[in-house]
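> coordinates only, sequence not included:
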């Protein structure tokens with residue numbers, strides 16, 4: 001009987017280890033091409049030395065984490081092929097034909113304000129320049145939260161004063177203001193350390209960017225306790241999605257997510273290996289991630305504490321506007337999946353929009369209904385997938401037209 005028990009234990013253990021090895025191999029194979037399947041190694045990943053050599057001179061900012069630096073340029077793909085962007089000597093995006101004119105409006109925000117995937121003369125601030133016959137300044141930076149956008153405004157405004165200031169961000173800013181290291185929410189974005197606002201007893205305070213010197217990238221582990229303590233997503237997302245030993249058990253914590261990623265990525269990799277077309281399934285792996293990200297946005301716009309933080313940042317924006325004598329404008333610029341969800345389900349940040357009415361002197365421009373009424377919804381965006389990428393040239397024209405109309409109705413362009 002004892003021998004039979006030992007044999008059974010040995011058999012079960014052997015089966016377990018065989019399954020464990022197979023699952024580990026599957027996870028690591030997928031991880032090579034898809035960084036969103038995370039393991040214990042991703043908790044403190046090695047930072048690419050070659051990547052840092054490019055990032056530090058071209059993008060690193062000690063205060064904000066990253067920025068578009070003066071006199072830099074690059075190329076990326078848009079709806080109809082390659083597009084180009086460049087930054088002028090003042091740190092704003094180049095605004096062809098208008099830079100010698102006076103500036104009444106300045107814009108701050110994320111990549112939807114910067115207007116990625118279009119040329120310099122196809123951004124919505126450029127089209128707004130045409131409508132107002134002025135130089136609308138564009139200080140948008142990709143992947144910024146409204147916290148970084150506001151801090152950049154505070155830094156730039158004294159050198160670039162305007163009567164009107166627009167902060168325009170995607171609704172996902174509700175997530176971005178909770179991060180200190182984007183890697184814990186947006187896995188693989190390992191250079192993106194940032195400052196963060198917190199509040200206690202209705203008082204807003206700032207935690208400075210912990211990696212505020214280029215020498216600190218090589219020793220970021222020294223600051224990891226501070227980062228993990230103050231990054232909401234480390235505890236609430238990263239650790240819950242991390243696959244660790246035993247893989248064959250922890251993979252079940254997010255079974256649908258993990259097996260979906262592994263399955264679709266294997267199909268994509270197999271087609272690539274066999275030189276077969278994979279365009280019909282190329283988006284399927286990332287679609288899983290985008291659906292999870294959408295659920296986070298919806299959840300956080302229902303969370304009173306997070307909404308309070310976002311509202312307090314906007315209150316600080318208003319306070320700064322009074323000090324510097326400009327009119328503060330706030331706009332949500334929706335991603336394609338935001339509009340699709342609202343159209344098919346419900347307006348998940350409408351209640352927050354309503355709350356903003358209680359902030360005296362904040363001018364809120366809402367263009368959601370106008371964009372939803374567009375018959376060519378897909379044409380508003382650059383990428384042919386559920387996410388949609390950024391606004392296309394056509395989309396930026398439409399956005400600019402709606403913003404200009406609202407500004408005119410509010411009598412903000414009369415002086």
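Everything's here; your move. The structure displayed is predicted, hence computed values, not measured ones.

> would you list the phi and psi of the residue lying closest to residue 356 once chain neighbours are set aside?
Take residue 356 and drop its neighbours on the chain: the residue closest to it by Cβ to Cβ, 6 or more residues apart in numbering is residue 364, 5.0 Å away. (Each C-beta comes from the backbone N, C-alpha and C, glycine too.) Torsion angles at residue 364 (phi, psi; degrees, to the nearest 10) stand at phi -100, psi 120.

> A strand includes residue 84, no?
Yes. Counting by DSSP: H, G, I helix; E, B strand; the rest coil, residue 84 is located in a strand.

> which residues sit in contact with it?
Counting by Cβ atoms under 8 Å, 6 or more residues apart in numbering, residue 84 touches 73-75, 119-120.

> which one of those is nearest residue 394?
residue 119 (13.2 Å; Cβ to Cβ).

> might one say that the closest one is in contact with residue 83?
Yes. Using Cβ atoms under 8 Å, residue 119 makes contact with residue 83 at a distance of 5.0 Å.

> in which helix or strand does residue 31 reside?
helix 2-33 (DSSP states H and E).

> quick one: average pLDDT of that helix?
Averaged over helix 2-33, pLDDT sits at 78.

> tell me the helix or strand right after that helix.
Assigned by DSSP H and E, the successor of helix 2-33 is helix 49-58.

> could you report the distance from the most centrally placed residue in the chain to residue 170?
Nearest to the mean C-alpha position of the chain, by Cα atoms, centre = their mean, lies residue 143 at 4.1 Å. Separation of residue 143 from residue 170 (Cβ to Cβ, to the nearest Å) stands at 10 Å.

> intersection of neighbour lists for these two?
Counting by Cβ under 8 Å, 6+ apart, the common neighbours of residue 143 and residue 170 are residue 110.

> contacting residues for the nearest residue to residue 158 once chain neighbours are set aside?
Nearest non-adjacent residue to residue 158, counting by Cβ to Cβ, 6+ apart: residue 324, 7.6 Å away. Shown in contact with residue 324 (Cβ under 8 Å, 6+ apart): 157-158, 161.

> quick check: pLDDT value at residue 324.
Per-residue pLDDT puts residue 324 at 98.

> cool, residue 38 as well?
According to the prediction, residue 38 has pLDDT 95.

> residue contacts, it?
By Cβ under 8 Å, 6+ apart, residue 38 lies in contact with 31, 187, 238, 241-243.

> number of nearby residues for residue 390?
For residue 390, the count of nearby residues is 28 (other Cβ atoms under 10 Å).

> that one against residue 122, yeah?
No. With contact defined as Cβ under 8 Å, residue 390 does not count as touching residue 122 (10.8 Å).

> please enumerate the shared neighbours of those two.
By Cβ under 8 Å, 6+ apart, the residues touching both residue 390 and residue 122 are residue 115.

> list the residues that contact residue 283.
With Cβ under 8 Å, 6+ apart, residue 283 has these contacts: 385-387.

> please repeat the previous calculation with a cut-off of 7 Å.
The contact partners of residue 283, taken as Cβ atoms under 7 Å, 6 or more residues apart in numbering, are 385-386.

> distance of it from residue 386?
On the measure of Cβ to Cβ, residue 283 and residue 386 end up 7 Å apart.

> equivalent analysis for residue 253, please.
Residue 253 sits 25 Å away from residue 386, taking Cβ to Cβ as the criterion.

> one more: residue 130?
Taking Cβ to Cβ, one finds residue 130 at 31 Å from residue 386.

> now residue 50
To residue 386, residue 50 is 33 Å away according to Cβ to Cβ.

> who has more neighbours out of these two?
Using other Cβ under 10 Å as the criterion, residue 50 and residue 386 rank with residue 386 on top: 15 against 7.

> is it true that that one touches residue 288?
No. Using Cβ atoms under 7 Å, residue 386 is not in contact with residue 288; the gap is 10.9 Å.

> show me where the stretch 101-250 of the chain has strands.
105-109, 137-138, 164-169, 196-200, 203-207 (DSSP state E, counting those that start in this stretch).

> ok now the fourth one, how far from the chain's centre?
Computed by Cα atoms, centre = their mean, to the nearest Å, the separation of strand 196-200 from the middle of its chain amounts to 19 Å.

> go through that strand and flag the buried ones.
196-197 (16 or more other Cβ atoms under 10 Å).

> hmm, who's touching it?
Outside strand 196-200, the residues touching it (Cβ under 7 Å, 6+ apart) are 147, 177, 180, 204-207, 230, 308-309, 312-313.

> can you turn the buried part of these into a PyMOL selection?
Only the buried entries of these go into this PyMOL selection, using 16+ other Cβ under 10 Å:
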select buried, resi 147+177+180+204+230+309+312+313
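
> and which of the contacts of strand 196-200 is nearest residue 346?
residue 308 (21.6 Å).

> could you check the pLDDT of the closest residue to the closest one other than its chain neighbours?
Excluding the flanking residues, the one nearest residue 308 by Cβ to Cβ, 6+ apart is residue 199, at 6.9 Å. Per-residue confidence (pLDDT) for residue 199: 93.

> gap between residue 199 and residue 126?
For residue 199 relative to residue 126 (Cβ to Cβ), the value is 36 Å.

> ok, residue 402 next?
From residue 402 to residue 126 the distance is 15 Å (Cβ to Cβ).

> between those two, which has more neighbouring residues?
Between residue 402 and residue 126, counted using other Cβ under 10 Å, residue 126 has the larger neighbour count: 25 against 20.

> apart from its chain neighbours, what residue comes closest to that one?
residue 95 (5.6 Å).

> where does that neighbour land on pLDDT?
98.

> and if you look at residue 375?
For residue 375, the pLDDT comes out at 87.
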